[in-house]
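[1] What follows is a predicted structure for the sequence shown.
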Amino acid sequence: MTERYIYVNGKMVLANSLSVAASDLAIQRGYGIFDFLVTVNGKPIFLEDHLFRFYSSAQSMHLPVSLGRSELIEAIEQLMEKNQLPNSGIRLTLTGGDSPDGYSIGNPNLIISQSPFNYQNQVFEKGLKLITYEHQRQLPFIKTIDYLIAIYLQPTIKAAGADDVVYYFNGMVTECPRANFFMVTDQGEVLTPKENILHGVTRKHLLKLKGYIIREANINIEMLASAKEAFISSSTKNILPVISIDGHTIGDGKPGSITRNLYQQLIHLKGISF
């Protein structure tokens, strides 16, 4: 296996040599942010959108980033050149930094890692089964490293024979742990929750696609039962159809025509070919 490199605070080091102090707030309190983007044939997809969200998250969490935007892009390019992985996932992580008292923000560690990643077209046809769970993420507009509830629920999801969970709070649907949620109404409108969510990069581009009314809206949990179609979106998943929620079949239990069309538009926009 070829050894991979990672970027850590201005240096390229072997991935297996990374060390972070046990006093870092990311370890002590789970305090930190990240962003994740995909490269296809050596090209980062929606890079500027991911960088905007990364810097916005850092500012909201009071974490200074040691590199400016152009310097960060250069570091990503250097890492890609070093690893020679044209199809990959790149993760930008900013930790809370060394904190001797375990509570004060320190000097953040900036870590850029890269791993092999290839989109799989066949996953689309299978579709997803979701369960619902009442939960509201803290600071939902920030892409933090806090996935406590999502990981805690893994045995519950598995026991239900499902693939993932969609959150709701006070009766309103919000998001999945690692994806945004969309539903298609009987009238053919495509709706996605507008409040208390992470504004996904793929979601942003889906809202601009042509041929349908696609809009942000408040979706109450009762509306899910009447959904004509449903799907989730993310940088790694593109669009994945949802075929059932809490055991209730969505549509005819197969990827719907609107979902399929939007999926084709999205992969064309990203320059993905299978």
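    Nice, thanks for sending it over.
[2] Which residue, other than its chain neighbours, is closest to I219?
    Spatial nearest neighbour of I219, excluding adjacent residues (CB to CB, 6 or more residues apart in numbering): V173 at 4.3 Å. Quick note: C-beta positions are derived from backbone N, CA and C, even for glycine.
[3] okay, now Q120: neighbour count?
    11 (other CB atoms under 10 Å).
[4] for I73, same thing?
    15.
[5] Please work out the average pLDDT along the host helix or strand of R203.
    Using DSSP states H and E, R203 maps to helix 201-206. Averaging pLDDT along helix 201-206 yields 98.
[6] and if you look at stretch 179-189?
    pLDDT averaged over stretch 179-189 gives 97.
[7] what do you get for stretch 128-143?
    Average pLDDT, stretch 128-143: 98.
[8] Show me which parts of it are buried, residue by residue.
    With burial defined by 16 or more other CB atoms under 10 Å, the residues of stretch 128-143 counted as buried are L128, K129, L130, I131, Y133, H135, R137, P140, I142, K143.
[9] How far does that stretch stretch from one end to the other?
    Distance between the two ends of stretch 128-143: 23 Å, counting by CA to CA, to the nearest Å.
[10] In three-state terms, label T39 for me.
    strand (DSSP: H, G, I helix; E, B strand; the rest coil).
[11] what's the spacing between the helix or strand bottoming out on mean pLDDT in the chain and its chain's center?
    Ranked by mean pLDDT, DSSP states H and E, the helix or strand of the chain with the weakest confidence is helix 122-126, at a mean of 91. Averaging C-alpha positions (CA atoms, centre = their mean, to the nearest Å) puts helix 122-126 19 Å from its chain's average.
[12] Tell me the first helix or strand C-terminal of that helix.
    Using DSSP H and E, the next helix or strand after helix 122-126 towards the C-terminus is strand 128-134.
[13] helices or strands next to that next one in the packing?
    Contacts defined by 3 or more CB pairs under 8 Å, 6 or more residues apart in numbering; DSSP states H and E place strand 128-134 against helix 154-159, strand 164-169, strand 238-245.
[14] now that strand, how far from the centre of its chain.
    With CA atoms, centre = their mean, you get 17 Å for strand 128-134.
[15] Within the sheet, what are the partner strands of that strand, with directions?
    Sheet partners assigned to strand 128-134 using DSSP bridges are listed as strand 164-169 (parallel), strand 238-245 (parallel).
[16] After the shortest one, which helix or strand is next?
    For strand 164-169, the following helix or strand on the C-terminal side (DSSP H and E) is strand 172-173.
[17] just checking, next helix/strand downstream of that following strand?
    strand 180-184.
[18] just to revisit the earlier point, can you point out the buried residues in the helix holding R203?
    Quick answer for helix 201-206 (16+ other CB under 10 Å): V201, T202, R203, H205, L206.
[19] Just give the closest residue to the last one, not the sequence neighbours.
    Once its chain neighbours are removed from consideration, L206 has its nearest residue in S233; the separation is 5.7 Å (CB to CB, 6+ apart).
[20] Tell me where the chain has helices.
    Here the chain has its helices, by DSSP state H, at 25-28, 47-60, 69-83, 122-126, 148-152, 154-159, 201-206, 257-270.
[21] burial of L148, as a residue count?
    Residues within reach of L148, counting by other CB under 10 Å, total 12.
[22] Identify the spatial nearest neighbour of it, chain neighbours not counted.
    Per CB to CB, 6+ apart, closest to L148 is G30, 7.2 Å.
[23] For that neighbour, give me its contacts.
    Contacts for G30 (CB atoms under 8 Å, 6 or more residues apart in numbering) come out as T144, I145, D146, L148.
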